[in-house]
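Asker: Requesting a structural model of the entry that follows:
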Amino acid sequence: MRRTTGIAGALVAGVAAAVLLATPGLADTATQGRGSDSTNCDGTGQARQDGAQNGDRGKGHDGNGSDRAREQGRGNGQGQGDRDRSRSRSEDPAASIAQLSQGTLTDDQREELADMAEEEKLAHDVYVELGRSSGDTRFVRIADAESRHLQELRALMERYGVEDPTEGLAEGSFASAEVTAQYKELLERGRVSAQEALAVGAAVERQDIEDLDAASGGVTAEDVLTVYGNLRDGSTRHLAAFTR
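Answerer: Predicted coordinates for the structure are as follows:
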């Protein structure tokens, strides 16, 4: 699996982002990142809360300011509603994928599909543990998203008759000894500090993006390309959340 050494390199790059969070004078920026990432990571209602807070602050100013704040709150709430509806439509991955055209996959593309499923499980399991050790709720929200991504890949594997390397495995357990070793290494580094945990998360997402781009190459099946595109969009949002 090409991703094994790739995450190590991405982790080095991620450390620089983590250092920014620890730099004096940037604490406010880090705090802001924790608030805004919820709208990027399959939001949890933070946008509506922010809108309400903006509305409250607006009441202390002139009427126009209050109106603008309330309008911003409504706008944020509408945006959150759109995301909620989008997530609702994807709650049954098999049903959503069934609406897309099925193509054909080469043996290499079938192997890539299984690899991507294992990579999503790796990300999910790492984030669950780092959420517990760091107390950063970003990991909890993003782990939930990774779980949904894995469901989409499982629906594809079932459709194409690809053996699922993640089936029946508990958190922290993997079919590949290589991925198992990687899981342990990521946790060891991520548990060093809150900043290092964020660096690990960023490294995993950078590698996911790289691997999804590589896996998409040469694929013509609409359903597979759509899922890979959805996962890449998710990884881009997750990376932004980890590096704010």
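
Asker: quick one: buried residues of whichever helix or strand Ala155 is part of?
Answerer: Element membership for Ala155 (DSSP states H and E) is helix 137-160. Neighbour-count burial for helix 137-160, with 16 or more other CB atoms under 10 Å as criterion, is recorded at 138-146, 148-157, 159-160. Where C-beta positions appear, they are placed from N, C-alpha and C, glycine not excepted.

Asker: surely Leu105 meets Asp223?
Answerer: No. With contact defined as CB atoms under 8 Å, Leu105 and Asp223 do not form a contacting pair (10.2 Å).

Asker: Poorly predicted segments of the chain, please.
Answerer: 1-91 (pLDDT under 70).

Asker: which residues of it fall in helices?
Answerer: Using DSSP state H, the helices assigned to the chain run over residues 3-22, 27-40, 46-59, 63-89, 93-98, 107-134, 137-160, 177-190, 194-216, 222-243.

Asker: got the buried residues for the shortest one?
Answerer: Buried residues in helix 93-98, counting neighbours by 16+ other CB under 10 Å, are found at Pro93, Ser96, Ile97.

Asker: And those, which is closest to Ser134?
Answerer: Closest approach to Ser134 among those (CB to CB): Pro93, at 29.2 Å.

Asker: The closest one and Glu158: what is the separation?
Answerer: Remark: distance between Pro93 and Glu158 (CB to CB, to the nearest Å) = 10 Å.

Asker: From the structure, what's the count of residues near Val204?
Answerer: For Val204, the neighbour count with other CB atoms under 10 Å is 30.

Asker: So it sits against Tyr183, correct?
Answerer: No. Counting by CB under 8 Å, Tyr183 is not a contact partner of Val204; they are 10.5 Å apart.

Asker: which residues do these two both contact?
Answerer: Common contacts of Val204 and Tyr183 (CB atoms under 8 Å, 6 or more residues apart in numbering): Leu122, Val126.

Asker: dump the residue contacts of Leu175.
Answerer: One thing to correct before we go on: residue 175 is Ala, not Leu. Neighbour list for Ala175: Glu118, Pro165, Thr166, Leu169 [criterion: CB under 8 Å, 6+ apart].

Asker: meant to ask about Gly217
Answerer: Gly217 touches nothing, counting by CB under 8 Å, 6+ apart.

Asker: Return the backbone torsion pair for it.
Answerer: Main-chain torsions, Gly217, degrees, to the nearest 10: phi -60, psi 120.

Asker: And it, how far from Glu119?
Answerer: Remark: distance between Gly217 and Glu119 (CB to CB) = 16 Å.

Asker: quick revisit: which among the contacts of Ala175 end up buried?
Answerer: Neighbour counting over those (16+ other CB under 10 Å) leaves Glu118, Pro165, Thr166 as the buried ones.

Asker: any idea how far the nearest residue to the second one once chain neighbours are set aside lies from Asp164?
Answerer: Across the structure, with CB to CB, 6 or more residues apart in numbering as the measure, the residue nearest Pro165 apart from its sequence neighbours is Ala175 (4.2 Å). Distance, Ala175 to Asp164, by CB to CB: 9 Å.

Asker: So Asn230 versus Glu196, what's the distance?
Answerer: Shown here: Asn230 relative to Glu196, a distance of 29 Å by CB to CB.

Asker: Pro165 now?
Answerer: According to CB to CB, Pro165 and Glu196 sit 28 Å apart.

Asker: What residues does the nearest residue to Thr220 once chain neighbours are set aside make contact with?
Answerer: Spatial nearest neighbour of Thr220, excluding adjacent residues (CB to CB, 6+ apart): Gly103 at 5.3 Å. Taking CB under 8 Å, 6+ apart, we find Gly103 in contact with Val219, Thr220, Ala221, Glu222, Asp223, Val224.
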